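Student: I would like the atomic coordinates for the input below:
(chains A and B)
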2 protein chains.
Amino acid sequence: MTTSAAISTDKGKLVRNQGVTGPLGFRAAGIAAGIKASGKPDLALVFNEGPEYAAAGVFTRNKVKAAPVLWSQQVLSGGRLRAVILNSGGANACTGAGGFQDTHKTAEELAAALSNWGSETGAGEIAVCSTGLIGDRLPMDKLVPAITEIVHEMGGGLSGGLDAAHAIMTTDTVPKEAAFHHRDKWNVGGMAKGAGMLAPSLATMLVVLTTDAVATPEQLDRALRNATARTFDRLDVDGSCSTNDTVLLLANGASEVTPSQDDLDAAVLAVCDDLAAQLMADAEGVTKRVLVTVASAANEEEAVAAARTVARDSLVKTALFGSDPNWGRVLAAVGMAPVTLDPNRISVSFNGNPVCVDGVGAPGAREVDLSGMDIEVRIELNVGDAQATIRTTDLSHGYVEENSAYSS
Amino acid sequence: MTTSAAISTDKGKLVRNQGVTGPLGFRAAGIAAGIKASGKPDLALVFNEGPEYAAAGVFTRNKVKAAPVLWSQQVLSGGRLRAVILNSGGANACTGAGGFQDTHKTAEELAAALSNWGSETGAGEIAVCSTGLIGDRLPMDKLVPAITEIVHEMGGGLSGGLDAAHAIMTTDTVPKEAAFHHRDKWNVGGMAKGAGMLAPSLATMLVVLTTDAVATPEQLDRALRNATARTFDRLDVDGSCSTNDTVLLLANGASEVTPSQDDLDAAVLAVCDDLAAQLMADAEGVTKRVLVTVASAANEEEAVAAARTVARDSLVKTALFGSDPNWGRVLAAVGMAPVTLDPNRISVSFNGNPVCVDGVGAPGAREVDLSGMDIEVRIELNVGDAQATIRTTDLSHGYVEENSAYSS
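Tutor: Modelled structure (predicted):
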């Protein structure tokens, strides 16, 4: 129930007790810089020890982009990254030219600190990510001194990765890490944050992926776009993005192994898919983990569009919160999807129990037990052979509560 | 705050104490047929005494259409209606061929009852509307005898209209009526139901409009489409429709006045606009009545699209529920709208208080008081001179509660 695609991990092992420092040659740290009033960790660093510094990134499609996104997009155009610095406690979005200068200064300060520490680095090799409330300037008086501190905090081992995963949390309740160890002795690791994903909005999602494989920026870009399209883009985000969404992939070649593009694609996909499952499980106010699968669609694009329409539907989501097998709402929702369908051929099942067959209710449909936390809604359009699954959640009191009170 | 467009009513008077029987020559009734387990009124009838029987209708765009919608669309192709019979307590949607036969039988039974009562009527002159839970067959054993009863219940005066408005309610808390009396001695009246309208879903909206003006089906169709596009379509429905949404307009020429198309358009628009305002005010779980206005857009289409994107945004809606002037969420939402915009030129105000100017927070933005029930979000794109307003509501605990429990 936790993967939306059939992920082949037969060439290695996926673990959740390692993250960005799972692969060789990456250091990370997470500290409390004082950006959050709560005093919780709010500054994270991921450092690539080399020998290579290839990188790729995928950014928000929102026209309103935060300063760190504008900065990191520029930096990534070079296909090269030595480090990523991330802060929670402030999105640095809608902060104008001053906000962009703050991001630039953050990169400059980190470059200087890393150079002093012994690793010659330029600001143009550093990506910056921010998450938190939109509209406020970052407290640079607290951030700048913390940058020097965090460079000295960089541990070797895995603990640094976990500290970093903690420091990027906002409304997340748990840190999210995953790593894939390929049997050919190379690895992919990653961390993620982003707990709000009830369509049509998404709290900022930040993901940093690392690999010790030997790969060009072009190969990383292909692997990253393939993976995000099938995982993070199929959380129930309806194409919506926050002002700060960023997914980065850094490769240092430390394993000295050059995997095939297919193996690289599969490994990055496996890590992204597991992180996406963790994001869904920790979504704001979630009481149900829901997979909406549309099968026998005309093509995959239409399967995704139909599944998304159902996954976004407020009446479907509230019914699921109430464990109510109200299949009629599923039909009403799919009927608005811009896809090929015949109302009289649609069949629906909840957790494998048929509730609607050929557009008409099935016997016992109203008695299906949806009291468990995991619900799979399967919709057969019976017009083709394509299939896709969207991960979503219910619409609960907890979601309303958390987001009406949200302010950090 | 209750109208989304500048409605010219200077040629007459709009009142809320009259509905479908406000115009001359219409009778109506509402009774309890026993379709609802609660025993509340659940069957309504609107009868046109003539001399003319011109009519027009607008129906759901959902591909999954309820039996009464399929029936009424066929009937309306003739541009002629003698009566409309409406039931709550069951949508008769996703009920297959049997459900369509139930609708057909309902029209046949009413035609026979009206003929026996002295008004020669055919089933092909009768529209049928249903609202309630999707997927169950209607209890025809209760409905059929009630049809004869309701024909004999038809009152002359206004009370029949109010009884009908009561009988079509589902989760509505109040009946919704409006009538416009033109100074030239002709009238338009209407009733509406439909309380759930939080994007992307909409509880079934049923609207029956009547007029004693002399008008052709073509004139009625133009007036109805013009009015629905500017009113009901600008509730926060995101293009989504239920399986049963129906808006009908009947004209009998009893006033012997033939208004100009413009006057007819204006009168129908005034009644629809007021009914739309009443629908918003009674939306499921609403604690805030919200108008989202997008101004200085490239064109009206983009103004509507941008306002809709913001009006649908769950994070914006939950913030408004919490009376939180979280303007950053408004910018994040509008940034995803498929419209021409420059992030650095967007300005936002809440109830007239500037909270964001040229894409950057305004002083005091976090202190704006949104504790009242009415909130106007105004967004200036500063790229053109078009403007549009979408009516919406907050996303509250009440909405979640009502829809997770909803089953009638």
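
Student: quick one: low-confidence parts of chain A?
Tutor: Applying pLDDT under 70 to chain A picks out residues A:1-8, A:156, A:195-202, A:237-240, A:405-408.

Student: what's the nearest residue to the closest residue to chain B within the stretch 51-200 of chain A if we skip its chain neighbours?
Tutor: Of all residues in the stretch 51-200 of chain A, A:Ile134 sits closest to chain B, with a separation of 2.5 Å (C-beta to the nearest C-beta). All C-beta atoms are positioned from the backbone trio N, CA, C, and that covers glycine. In this structure, A:Ile134 finds its nearest non-sequential neighbour in B:Gly328, 2.5 Å apart by C-beta to C-beta, 6 or more residues apart in numbering or on different chains.

Student: list the helices and strands the helix or strand hosting the one you found packs on?
Tutor: Per DSSP states H and E, B:Gly328 falls inside helix B:327-334. Judged by 3 or more C-beta pairs under 8 Å, 6 or more residues apart in numbering or on different chains; DSSP states H and E, helix B:327-334 is in contact with helix B:300-312, helix B:314-321, strand B:347-350, strand B:353-357, strand B:374-380.

Student: now do that helix against helix B:300-312, angle only.
Tutor: An angle of 130 degrees separates the directions of helix B:327-334 and helix B:300-312 when computed by axes from the mean of the first three to the mean of the last three C-alpha atoms, to 10 degrees.

Student: please save the CA atoms from helix B:327-334 in PDB.
Tutor: Below are the C-alpha coordinates for helix B:327-334, written out as PDB (Å, rounded to 0.1, in the frame of the first residue of the first chain):
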ATOM      1  CA  TRP B 327      -1.400  36.700   2.500                       C
ATOM      2  CA  GLY B 328       1.600  34.600   1.400                       C
ATOM      3  CA  ARG B 329      -0.800  31.700   0.700                       C
ATOM      4  CA  VAL B 330      -2.800  34.000  -1.600                       C
ATOM      5  CA  LEU B 331       0.400  34.700  -3.600                       C
ATOM      6  CA  ALA B 332       1.400  31.100  -3.600                       C
ATOM      7  CA  ALA B 333      -2.100  30.200  -5.000                       C
ATOM      8  CA  VAL B 334      -2.300  32.900  -7.600                       C
END
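
Student: quick one on the thing from earlier: which residues touch the residue nearest to A:Ile134?
Tutor: With C-beta atoms under 8 Å, 6 or more residues apart in numbering or on different chains as the criterion, the residues that contact B:Gly328 are A:91, A:93-94, A:133-135, A:243, B:361.

Student: now with 6 Å?
Tutor: Under the criterion of C-beta atoms under 6 Å, 6 or more residues apart in numbering or on different chains, the contact list for B:Gly328 reads A:94, A:134-135.

Student: for A:Ala54, same thing?
Tutor: With contact set as C-beta under 6 Å, 6+ apart, A:Ala54 has these partners: A:215-217, A:220, A:251.

Student: reformat those as JSON lines; add secondary structure and neighbour count.
Tutor: JSON lines is the format used below for the contacts of A:Ala54 (DSSP: H, G, I helix; E, B strand; the rest coil; neighbours: other C-beta atoms under 10 Å in any protein chain shown):
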{"residue": "A:Ala215", "secondary structure": "coil", "neighbour count": "27"}
{"residue": "A:Thr216", "secondary structure": "coil", "neighbour count": "15"}
{"residue": "A:Pro217", "secondary structure": "helix", "neighbour count": "21"}
{"residue": "A:Leu220", "secondary structure": "helix", "neighbour count": "24"}
{"residue": "A:Ala251", "secondary structure": "strand", "neighbour count": "30"}
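
Student: do you know how far A:Asp324 is from B:Asn403?
Tutor: Distance of A:Asp324 to B:Asn403, computed by C-beta to C-beta, to the nearest Å: 9 Å.

Student: looking at those two, which is more packed in?
Tutor: For A:Asp324 against B:Asn403, the residue with the higher neighbour count under other C-beta atoms under 10 Å in any protein chain shown is B:Asn403, and the figures read 27 against 19.

Student: for that one, helix, strand, or coil?
Tutor: Reducing the assignment to helix, strand or coil with DSSP: H, G, I helix; E, B strand; the rest coil, the entry for B:Asn403 is helix.
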